[in-house]
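**Student:** Have a look at this fold, sequence not included:
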Ligand code: HGY
Ligand code: MN
Ligand code: MN
């Protein structure tokens, strides 16, 4: 590990962070080395309960807002000062790794534990936030808890969002006991830091340990429903068919084509497909396709999105079905706070931690928090850039330096005038 040039640079207890990460990795179902800890599931509740217990053991006061977002606060000498918040998410993808989101939340906890060990009091309070349903696997859109906190989504609308089984977000929050009383004031944050695995190969390939995230791709998403008619797969003549699966198939191929056309910067997929009745011998009368296009330049992302939706009438005619856009969302296309970007870069340089500026192609809770508070993200490497995959993997020697940069940047911000 590079020896820090920063006089009396603070350092976390890397072993303790790893033990905490491994403990989290045991909470929830998942094949082999991964996790499938979906938002508001029993496993999510179990993880939340353990996390809240850890925070209380570390002397934090814990509060929960009406969206299940958890805030664990370590008091500062100036009780009236706005807190410096460190956050991310504890829910995982359905075939996810143990580190996406989780590393950011548990790094925040480790920073509080380290400050306790060193009996360091900061001027501003320091708070660790765990946002609900970042992954958008169970409930769409992604980053739902952070978006609700920032006032981007209406409270009643969020609570009414349903999962594929028709179970409402608000019902599940009540069921797991994380429907908090009153909303937190989104204006009550001095600065927000989110440390996250890069989920790409750049830092590892360049032998760097910290990515200072200056902004994010523009991501545009939609849920498109095709309505056709059930009919027999045999006797029904081709001219008489209204096959919703054909509509979906043509759109999926088209979205992929658009991604290749705008590659390498442009990205696209239709990651989710619902088919009804999805049985042998009967033509599908309903399909739902999730469109996801992304690009570092907003105008290009917009063009990709328009191209995808402009073909709907053509597909509808061709497949003799109806096409309806049921939901739309967008996130990203932002720049993070310049002062915080400069602070993280200064600390990384002083600590001799090899770093670079970069953009995020993945969405993060920080995107929504950035609409209400100065915000920055720190990326740390992950093996082969593999993520949203059970074999997501990180190592202490290239992760701990980034958490140490976060620790020193947060303390400096928490003590600033
Ligand atoms: O979709 C995203 O980029 C994020 O991982 N939820
Ligand atoms: Mn994440
Ligand atoms: Mn993710």
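**Tutor:** Nice, thanks for sending it over. Model, not experiment: these values are computed from the prediction. Ligands and ions are numbered 1, 2, ... in the order given.
**Student:** low-confidence ranges in the chain?
**Tutor:** 1-7 (pLDDT under 70).
**Student:** Show the contacting residues for the residue lying closest to residue 414 once chain neighbours are set aside.
**Tutor:** Leaving aside its sequence neighbours, residue 414 sits nearest to residue 122 (CB to CB, 6 or more residues apart in numbering; 3.8 Å). C-beta coordinates here come from the backbone N, C-alpha and C atoms, glycine included. By CB atoms under 8 Å, 6 or more residues apart in numbering, the residues touching residue 122 are 74, 76-77, 84, 115, 411, 414-415.
**Student:** likewise residue 22?
**Tutor:** residue 98 are the contacts of residue 22 under CB under 8 Å, 6+ apart.
**Student:** got the residues of the stretch 251-400 of the chain near ligand 1?
**Tutor:** 362-363 (CB under 6 Å from any ligand atom).
**Student:** Strands along the stretch 251-400 of the chain, start to end?
**Tutor:** Secondary structure of the stretch 251-400 of the chain by DSSP state E, counting those that start in this stretch: the strands cover 267-276, 286-295, 322-332, 355-360, 375-380.
**Student:** re the thing from before, make sure I have this right: the residue nearest to residue 414 is in a helix.
**Tutor:** No. Counting by DSSP: H, G, I helix; E, B strand; the rest coil, residue 122 is not found in a helix; it is coil.
**Student:** Quick check on it: phi, psi?
**Tutor:** Main-chain dihedrals, residue 122, degrees, to the nearest 10: phi -100, psi 160.
**Student:** if we can go back for a sec, which one of the contacts of residue 122 has the most neighbours?
**Tutor:** Most neighbours among the contacts of residue 122, by other CB atoms under 10 Å: residue 84, with 28 neighbours.
**Student:** could you list every residue that touches it?
**Tutor:** Contacts of residue 84 by CB under 8 Å, 6+ apart are 122, 124-127, 189-193, 410, 413-414.
**Student:** follow-up on the earlier one: deepest-packed of the strands of the stretch 251-400 of the chain, please.
**Tutor:** Of all the strands of the stretch 251-400 of the chain, strand 375-380 has the most neighbours on average by mean count of other CB atoms under 10 Å, namely a mean of 27.
**Student:** is that one anywhere near ligand 2?
**Tutor:** No. Using CB under 5 Å from the ion, strand 375-380 stays clear of ligand 2, with a minimum separation of 10.4 Å.
**Student:** Show me what that strand is packed up against.
**Tutor:** strand 191-197, strand 210-216, helix 338-350, strand 355-360, helix 365-369, helix 396-414 (3 or more CB pairs under 8 Å, 6 or more residues apart in numbering; DSSP states H and E).
**Student:** In the longest one, which residues are buried?
**Tutor:** Counting neighbours by 16 or more other CB atoms under 10 Å, one finds that the buried residues in helix 396-414 are 398-414.
**Student:** Can you name the residues of the stretch 101-250 of the chain that neighbour ligand 1?
**Tutor:** Taking CB under 6 Å from any ligand atom, the part of the stretch 101-250 of the chain that reaches ligand 1 is made up of 134-136, 142.
**Student:** Could you single out the nearest of those residues to ligand 1?
**Tutor:** Ligand 1 has its nearest neighbour among these in residue 142, at 3.6 Å by CB to the nearest ligand atom.
**Student:** which residue packs closest to residue 43, ignoring adjacent ones?
**Tutor:** residue 28 (3.3 Å).
**Student:** whoops, residue 184 was the one
**Tutor:** Per CB to CB, 6+ apart, closest to residue 184 is residue 65, 4.9 Å.
**Student:** Now do that neighbour against residue 352, distance only.
**Tutor:** From residue 65 over to residue 352 the distance is 39 Å, taken as CB to CB, to the nearest Å.
**Student:** who has more neighbours, the two?
**Tutor:** Counted by other CB under 10 Å, residue 65 and residue 352 do not tie: residue 65 has more neighbours, with 23 against 16.
**Student:** Test my guess that that one contacts residue 149.
**Tutor:** Yes. Shown here, residue 65 and residue 149 form a contact pair, counting by CB atoms under 8 Å, at 6.4 Å.
**Student:** Give me the common contacts of the two.
**Tutor:** If you check residue 65 and residue 149 against CB under 8 Å, 6+ apart, the residues they both contact are 183-184.
**Student:** Now do the same contact list for residue 248.
**Tutor:** Per CB under 8 Å, 6+ apart, neighbours of residue 248: 226, 270, 273, 275, 287-289.
**Student:** Between these, which sits nearest ligand 1?
**Tutor:** Within the contacts of residue 248, the smallest distance to ligand 1 is 13.5 Å, found for residue 270 (CB to the nearest ligand atom).
**Student:** and which of the contacts of residue 122 is nearest residue 308?
**Tutor:** Lowest distance from residue 308 to the contacts of residue 122 (CB to CB) belongs to residue 84, with 40.1 Å.
**Student:** Could you pull up phi and psi at the closest one?
**Tutor:** According to degrees, to the nearest 10, residue 84 has phi -90, psi 120.
**Student:** Leaving out sequence neighbours, find the closest residue to it.
**Tutor:** residue 414 (4.6 Å).
**Student:** how close does the one you found sit to residue 39?
**Tutor:** 30 Å.
**Student:** what's the answer for residue 209, then?
**Tutor:** According to CB to CB, residue 209 and residue 39 sit 30 Å apart.
**Student:** now do residue 97
**Tutor:** Going from residue 97 to residue 39 by CB to CB gives 16 Å.
**Student:** so who does the closest residue to residue 313 other than its chain neighbours touch?
**Tutor:** Leaving aside its sequence neighbours, residue 313 sits nearest to residue 323 (CB to CB, 6+ apart; 7.2 Å). The contact partners of residue 323, taken as CB under 8 Å, 6+ apart, are 224-226, 247, 251, 312-313, 315-316.
**Student:** Adding neighbour count and distance to residue 177, write those out as JSON lines.
**Tutor:** Output for the contacts of residue 323, formatted as JSON lines (neighbours: other CB atoms under 10 Å; distance: CB to CB, whole Å):
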{"residue": "224", "neighbour count": "24", "distance to residue 177": "36"}
{"residue": "225", "neighbour count": "19", "distance to residue 177": "34"}
{"residue": "226", "neighbour count": "29", "distance to residue 177": "39"}
{"residue": "247", "neighbour count": "27", "distance to residue 177": "42"}
{"residue": "251", "neighbour count": "24", "distance to residue 177": "40"}
{"residue": "312", "neighbour count": "20", "distance to residue 177": "42"}
{"residue": "313", "neighbour count": "10", "distance to residue 177": "47"}
{"residue": "315", "neighbour count": "19", "distance to residue 177": "45"}
{"residue": "316", "neighbour count": "18", "distance to residue 177": "45"}
